[in-house]
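Enquirer: Structure here, sequence nowhere to be found:
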């Protein structure tokens, strides 16, 4: 599609800005979406793609800038307003009613538009739903099936079918294929192409560059809350896209892997993993040495997000994991702690911390036997240990009885780190160690991790933030499709190399 | 694409047979349990399988059933109402006092029902626009309404009879509503229950409003983006509940014909919720049917009746009812494997 014949855009965004506390999520972005195009939006984690889609969906309101729909300035005040403007966003987290049938879900908007004191036209709903499904080549689905019985792929298609029925002109697919099998993805692509030919604009948010190149007419690259460029998909290569997504200048002087004290090649292997298979992981083998910070990177669906839980024994697994030569037989978190592994999970609010409990109790919560006597807490010992950890980690708290929920994200994370250290781990596994932590506290946490590694602990840092891996890891393993797609060391650890191994096919 | 089609549960042609459909329905388990219970009782006791006893059971369950119908709407909409026992007392007593004060029947009942509407409205607004969990909002209302009933009656029993000032013709019709028999055999309470349940069944299963109730409880988000006003649907469900609780309270006073704010309908909310849950409604919303609720109410009613006929002590009766609740819901949860 060339510039001369490009029709007037359906949605035109200019100077759009969205601020969250401490973060500028969207920084004066500009992009337009035209009729009959598949428009891919790509970018690293945190580039601002999701924020933009949430604004289009009416879930978030921008702080500045302007959205024009059909040339008219518009505000998308609510999800309902978004639908009314002909925009449908299909998230991974679907807006379907699982207890109702396919037909009910597809026809829900029609039902909402009718009087509440009318009868439900079951036969008509069934017929219309079947027609909508048939249009998507899903005619074999029984419209009377409950949505809760469908696969994720089928649910997505049901949501798309509902959107098309409402004459959606702009369909946003946000990471649609991370839950789909290869065949299901191909089916989805066929549908996307068909929709385009019928005049629907599809915004396709994805990490999978090959698919993006196959499918998209134009590609917008986002980075750090900005739209970097919009490219016509004409002779583009994956390398070209990766180069557009990178571009952040990192101060190489801060790169740990380049510093002499980061050499642990001669140290003994502490953690050894052989053929680890778990949900999303496929026969993974690697090892970590004493004093090493091993970075693990990859896309959200690469398997890296289950690695921490699989290592620690929170989900079923097979394969062989040893710490200092001792094998962890069962997938049992308690045994993992006893054998010297500690996990700092990504989900601080859920799995990570006892938010309603005090700092002191959080610090000792993973090693209660050591701090109890005949079933009672040894308050003195608890206080001493908590004070020691707080001092060591330089956590800013008012007193040891302070509730964790009242601390900042950074200080919470330090306390959770402290809890892991009280168990005297040989292996410290961190998943997204600085998520929701401000810049200053990030640097402090990095320093603490290097200190911990310096004491001979093997630190495994699983992170979606590429700069974090570059700055801290001595060695980086990149995962893709549950397998290791690359191993980087020293000066070889850079953004382009990590992205290429994570995304390219 | 073939496997996309195969992964979900599909209904093959044979499944469409009516019998298979019936057996697959959620209510089937409860129905079979009820059948087994009835069979057992007809062999174990002499008096169970007589039309007189069965009609008696029908009368006994009617008030519980009328309220359980309302609770079905509230639970499907994803909320819960703990204030129904208090509403039952307040509205009944209010109507009783008006009748004693010499009011005509329809205005007295009308005002009683309006108090139910008002209580439901408050419950609904607090649980939606007020952003309180309905468990908390209606727990508060449970106390408030009970307190209001105590204040209204000054804690004294309200007895509807001519000596207290009720007009004779009003008294006659009022008494017929609670104690009378249609065609001198079917208890009027049961007649009311059947009419209300039938209307509710039509509304819930066939009307657009019923569809909205299911949608709102199944996924508030999906309902909202489809343009359904989640709050007004929930408020309507609470108001319906309030009216039905008020009507049950009025019928109860007509039957007895005396009530006391400190005693009437105490703890009734738990019986109502239990019957509805046994009938297959889900506390997490989106699921439940009127048919299921009727079966749930019947199970509890038949169970009580049967235990009395068998001469089981009331203490053991309580215990058995508790077991039935756990087993009935348990069978449903343990037997359905939900796809993860």
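Expert: Structure's in. What do you need? The structure presented is a predicted model; accordingly, all values stated were derived computationally and were not measured.

Enquirer: Okay, residue A:95 and residue A:137: tell me how far apart.
Expert: Look at residue A:95 and residue A:137: by CB to CB, to the nearest Å, they are 22 Å apart. (C-beta placed from N, C-alpha, C; glycine too.)

Enquirer: For those two, indicate the residue with more neighbours.
Expert: Comparing residue A:95 with residue A:137 by other CB atoms under 10 Å in any protein chain shown, the one with more neighbours is residue A:95, at 22 against 15.

Enquirer: Check residue 144 and give its pLDDT.
Expert: In the absence of a named chain, this looks at chain A. Model confidence at residue A:144, given as pLDDT, is 92.

Enquirer: looking at chain B here, not the other one
Expert: Per-residue pLDDT puts residue B:144 at 97.

Enquirer: quick one, helices of the stretch 201-340 of chain B?
Expert: Remark: helices assigned in the stretch 201-340 of chain B by DSSP state H, counting those that start in this stretch are B:208-218, B:220-225, B:230-255, B:268-278, B:290-309, B:314-335.

Enquirer: Could you count how many residues lie near residue A:246?
Expert: Other residues within reach of residue A:246 by the criterion other CB under 10 Å amount to 18.

Enquirer: burial measure for residue B:93, as a count.
Expert: For residue B:93, the count of nearby residues is 29 (other CB under 10 Å).

Enquirer: Tell me how far it lies from residue B:152.
Expert: Relative to residue B:152, residue B:93 is positioned 7 Å away (CB to CB).

Enquirer: and for those two, which residues touch both?
Expert: Residues touching both residue B:93 and residue B:152 (CB atoms under 8 Å, 6 or more residues apart in numbering or on different chains): residue B:261.

Enquirer: helix or strand for the residue positioned nearest the centre of chain B, which one?
Expert: The structure's chain B has its C-alpha centroid closest to residue B:68; by CA atoms, centre = their mean the separation is 1.1 Å. According to DSSP states H and E, residue B:68 maps onto helix B:51-76.

Enquirer: And the average pLDDT for that helix is what?
Expert: Averaged across helix B:51-76, pLDDT comes to 93.

Enquirer: Buried residues in that helix, which are they?
Expert: Burial within helix B:51-76, assessed by neighbour count using 16 or more other CB atoms under 10 Å in any protein chain shown, is assigned to B:53, B:56-76.

Enquirer: Next: stretch B:180-187.
Expert: With burial defined by 16+ other CB under 10 Å, the residues of stretch B:180-187 counted as buried are B:180, B:187.

Enquirer: likewise stretch B:272-287?
Expert: Counting neighbours by 16+ other CB under 10 Å, stretch B:272-287 gives B:272-282, B:285-287 as buried.

Enquirer: do that stretch and chain A meet at all?
Expert: Yes. Using CB under 8 Å from any CB of the partner chain, stretch B:272-287 reaches chain A at B:282, B:285-287.

Enquirer: Endpoints of that stretch, how far apart?
Expert: Between the opening and closing residues of stretch B:272-287 we find a distance of 16 Å, counting by CA to CA, to the nearest Å.

Enquirer: just to revisit the earlier point, which neighbouring elements make contact with the helix holding residue B:68?
Expert: Judged by 3 or more CB pairs under 8 Å, 6 or more residues apart in numbering or on different chains; DSSP states H and E, helix B:51-76 is in contact with helix B:84-100, strand B:186-187, helix B:188-206, helix B:208-218, helix B:230-255, helix B:268-278, helix B:290-309.

Enquirer: show me the residues around whatever residue of the stretch 251-400 of chain A ends up closest to chain B that make contact.
Expert: Using CB to the nearest CB, the single residue of the stretch 251-400 of chain A nearest to chain B is residue A:279, 11.1 Å away. Shown in contact with residue A:279 (CB under 8 Å, 6+ apart): A:306, A:310, A:315-316.

Enquirer: from what I can see residue A:495 touches residue A:246, true?
Expert: Yes. The pair residue A:495 and residue A:246 qualifies as a contact (CB atoms under 8 Å) at a distance of 4.5 Å.

Enquirer: you'd agree residue A:9 is in a helix?
Expert: No. When DSSP: H, G, I helix; E, B strand; the rest coil is applied, residue A:9 is found to be coil, with no helix at that position.

Enquirer: host element of residue A:89?
Expert: Under the criterion of DSSP H and E, residue A:89 resides in strand A:87-90.

Enquirer: Mean confidence (pLDDT) on that strand, please.
Expert: Confidence for strand A:87-90, expressed as mean pLDDT, is 86.

Enquirer: by contact count, what packs against the helix or strand following that strand?
Expert: With elements assigned by DSSP H and E, the helix or strand that comes after strand A:87-90 is helix A:102-106. If you count contacts as 3+ CB pairs under 8 Å, 6+ apart, helix A:102-106 packs onto helix A:122-135, helix A:152-165, helix B:208-218.

Enquirer: Nearest approach to residue A:192 belongs to which of those?
Expert: Evaluated with CB to CB, the helices and strands packed on helix A:102-106 place helix A:152-165 nearest to residue A:192, the distance being 9.1 Å.

Enquirer: Contacts made by the closest one with the rest, please.
Expert: Residues beyond helix A:152-165 that count as contacts (CB under 8 Å, 6+ apart) turn out to be A:88, A:90, A:94-96, A:102, A:105-110, A:128-129, A:132-133, A:135-136, A:138, A:141, A:147, A:150, A:171, A:176, A:179-181, A:184, A:187-188, A:191, A:195, A:200, B:4, B:7-8.

Enquirer: Tell me how many other residues surround the closest residue to residue A:83 other than its chain neighbours.
Expert: For residue A:83, the nearest residue in space outside its immediate sequence neighbours is residue B:225; the separation is 5.7 Å by CB to CB, 6 or more residues apart in numbering or on different chains. Residue B:225 is flanked by 24 other residues according to other CB under 10 Å.
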